[in-house]
Each structure stands twice: as structure tokens, then as C-alpha cells.
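A.B. asks: Have a look at this fold, sequence not included:
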């Protein structure tokens, strides 16, 4: 469902008020970039990029890291937003995993002029570390203490049920790459705390308490929660997990109208800080 933006003109400068957060006009402009994929633009009504990034406080002058950008949905917004005055890292497990965003950069170099590739998880310190050692050709890791903001969208469940559980290592590394006082902005499919008979992570959903637990253990402090990406129509109890809902529609045409009416998943939107 499309959420209305609360727009106000303040002191002659174009801004959008999102709740109590002010979104720079440059952020709104970035969502209108002609380099965005039309299919991605169509999902704005589910993913609320202006409200979400404004809640996280992302500024156009920031150094921002996007963890595991996959198809580059948010990358298409972040890259032009940061192109003039910021710096942007797209961080993935291998260069191959970043091929989609690399292709976007090649197609629109001006919009992606400050985007750098980085490896995440970083190379393991020892053979006992849970993070896989990337190939020698992989991009470098994000420098420690260099980022103002780290963002990750719907990735925690992937770290949780991979070949090895890399969740805590992921949060530890995100903590390390941030400057003191820096922000971790996280969106994830939300499994209700009272849910019974639904396997966390393998369903694609995570309990909010679990996510907060990993973040807190890494050293983060939770400073805010937004309901902007919540979806009360999501029942969370699908045999094939969250991928039953759009945009995946893993069941094909079976009950497609029902899943379309539900929309995309119920999601937590959490803001953490690295204490100064």
C-alpha cells in the first residue's frame, strides 16, 4: 500500500518531512533518477525508499556501505544520491556477486562515479573463522572506521542459514567498518516473536529479538525502529517461506491473486549506532 509522504516547504529550501525526519530534496531526486530500472521503480510503494533512507539519516555527503546489494535495487538510488559529494561502497562476497551493480556502473558512469566495490565478509583472519576467504581477485575490504552509514536490506536470514552461520561475524565486521557514532540501517523480513511452527531464517523471516541480539553482541546500540515497511496483511506462514509473496511468487500462479493482495513481506526497519 502506498504510504503518503508528508511534504512541507521549509524556509525556502525543498525538503520532505517524513515523520520527524527531514529528507533532502537530493534523496527524492535520486528516486527519480532516469538510470533506475522501471521494474524497481514499481516496487517503491512496497519498499518506501525515501522514508526508509530518511529514517536512517543518510546524507548526500556520507560514506555509505551497502552490504550484499544483490540486484542493486537500493544501489540504483544510493549511487546517484552520493555521486556529487559522498562516497559509496557496494560490498559483496565475491566480484561475481557484484556483477549486476558493476554492469549498472558501466552503463551509467556519471551516476555511479563514487561507487567502489568491496568484499564482505572480509578475508578470514584464520582457518577457524566463519567468514569464507575470498579469491585473490576479490575486491578489498571496506577500511575499518571509514563509514558513516552501513546499510543492509533483507540479508540477515541469508547469513543465518548458509553453509556456515556467518551472522555474528557479519555484524562484527559491520561494526568495525563504521566510524564511532556511525549508523547501521537494517531492513529484514520480520517473524513475529509469538510465531509457532515457522523456522526462523530458513523461512526467510527473522525474529526482531534475534537481529537485535546479534547487533548488541557486536557492540551496537538500538536507537530507533520504524513501521514504514511493516505489512499487517502478511501471515508469515507459507510452506515455501517469504518467497511465496511478491516479487518472487515461488508458487507460480497458485493463489497468485491472494499473494498479490497481501503484497511484499512484513519487515522490521531498525536503526543502530556504534557508540562514540
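C.D. replies: Nice, I can see it. These figures come from a predicted structure and were not determined experimentally.

A.B. asks: thinking residue 79 is in contact with residue 111, fair?
C.D. replies: Yes. At 5.5 Å, residue 79 and residue 111 qualify as touching, with contact defined as Cβ atoms under 8 Å. Just so you know, the C-beta spots here come from the backbone N, C-alpha and C atoms, and that holds for glycine as well.

A.B. asks: Need the overlap of contacts for the two.
C.D. replies: In terms of Cβ atoms under 8 Å, 6 or more residues apart in numbering, residue 79 and residue 111 are not both contacted by any residue.

A.B. asks: more neighbours, these two?
C.D. replies: Neighbour comparison, residue 79 and residue 111: the larger count goes to residue 79, with 29 against 21 (by other Cβ atoms under 10 Å).

A.B. asks: On the C-terminal side of whichever strand or helix holds that one, identify the next helix or strand.
C.D. replies: Using DSSP states H and E, residue 79 sits in helix 75-82. Counting by DSSP H and E, the element after helix 75-82 in chain order, helix or strand, is strand 87-92.

A.B. asks: And that next one, what does it pack against?
C.D. replies: In terms of contacts (3 or more Cβ pairs under 8 Å, 6 or more residues apart in numbering; DSSP states H and E), strand 87-92 is packed against strand 63-67, helix 75-82, strand 115-119.

A.B. asks: Not counting the second one itself, show me its contacts.
C.D. replies: In this case it means helix 75-82. By Cβ under 8 Å, 6+ apart, helix 75-82 touches 26-27, 29-31, 33, 35-37, 40, 49, 53, 58, 60, 62, 64, 66, 69, 88, 90, 101, 104-105, 111-112, 114-115, 151.

A.B. asks: Then the last one?
C.D. replies: Residues outside strand 115-119 that contact it (Cβ under 8 Å, 6+ apart) are 65, 75, 79, 87-95, 98, 101-102, 105, 134, 138-142.

A.B. asks: Now the buried members of those.
C.D. replies: Buried by 16 or more other Cβ atoms under 10 Å: 65, 75, 79, 87-93, 98, 101-102, 105, 134, 138-139, 141-142, out of those.

A.B. asks: quick one: the helices in the stretch 151-276 of the chain?
C.D. replies: Per DSSP state H, counting those that start in this stretch, the stretch 151-276 of the chain carries helices over the ranges 156-160, 167-177, 208-218, 256-262.
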